[in-house]
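J.: Any chance you could fold what I've pasted below:
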Amino acid sequence: MKQRVFVFAPDRCFGCLGCTAACAATNGTPPGLFWRNVMKLPPEDGDHRTVYLSLACNHCEDAPCAAACPSGALVKRAGDGVVLHREARCIGCRYCQMACPYDAIRFDAARGVVSKCTFCVDRLDAGREPACVETCFGGALGQRVIDLGDEPPDLAREATGFTPVAAGRPSIRFVRGPVRAVPAGGTEPGEGTRS
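T.: Predicted coordinates for the structure are as follows:
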């Protein structure tokens with residue numbers, strides 16, 4: 001089965017929030033409502049590095065939000081498994097928000113509906129990168145479609161500060177080990193990260 005995943009290289013993120021700003025601007029989310037967030041993690045014992053995590057909806061393989069939605073407003077897209085929200089079907093019950101183990105679904109109180117990361121499918125379908133990926137100044141954020149039956153060896157499901165919840169199986173992967181610097185125009189996080 002094919003699944004589109006976000007790929008994140010923590011060693012390249014310096015917490016600039018460019019991904020958060022690009023997502024908000026591209027998707028026109030209301031002030032203060034962000035689909036992508038950057039978290040600064042506390043240092044581990046003996047480690048003086050600052051580590052950041054950039055997270056949005058993980059477009060889970062078995063999306064608990066979609067299973068919890070009584071109106072069928074959340075669906076997985078055929079072909080790449082992106083979890084999409086059909087706003088016209090949303091009744092604002094917020095059951096999806098309660099079911100999401102990653103706090104990735106936002107409630108827009110002014111409109112009475114939830115919203116979430118769309119993986120910028122309109123941009124993907126036009127051959128462009130999601131806004132967050134395109135704007136990532138450090139080259140820490142990427143995306144690609146993987147075969148779930150043959151996980152790429154250069155990617156891990158866990159990273160410092162992120163342990164996947166068994167239910168749902170999140171579609172985010174982390175580049176294993178330190179990432180070497182690449183010249184402008186070189187490869188992205190994990191060989192061929194951007195597809």
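
J.: Output the longest helix that the chain contains as PDB, nothing but the C-alphas.
T.: For the chain, the helix reaching the highest residue count under DSSP state H is reported as helix 18-27. Extracted in PDB, the C-alpha atoms of helix 18-27 (Å, rounded to 0.1, in the frame of the first residue of the first chain):
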ATOM      1  CA  GLY A  18       8.800  29.500   8.300                       C
ATOM      2  CA  CYS A  19       6.800  26.300   7.800                       C
ATOM      3  CA  THR A  20       4.100  27.500  10.200                       C
ATOM      4  CA  ALA A  21       3.800  30.900   8.600                       C
ATOM      5  CA  ALA A  22       3.800  29.500   5.000                       C
ATOM      6  CA  CYS A  23       1.000  27.000   6.000                       C
ATOM      7  CA  ALA A  24      -1.100  29.700   7.500                       C
ATOM      8  CA  ALA A  25      -0.600  32.100   4.600                       C
ATOM      9  CA  THR A  26      -1.300  29.500   1.900                       C
ATOM     10  CA  ASN A  27      -4.300  28.100   3.600                       C
END
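
J.: What residue in this structure is the furthest from its centre?
T.: Checked against the mean C-alpha position of the chain, the extreme residue using Cα atoms, centre = their mean is Gly46, at a distance of 29.5 Å.

J.: what about that one, distance to Phe14?
T.: In this view, Gly46 and Phe14 are 21 Å apart by Cβ to Cβ, to the nearest Å. Yep, even glycine has a C-beta here, placed from its N, CA and C like the rest.
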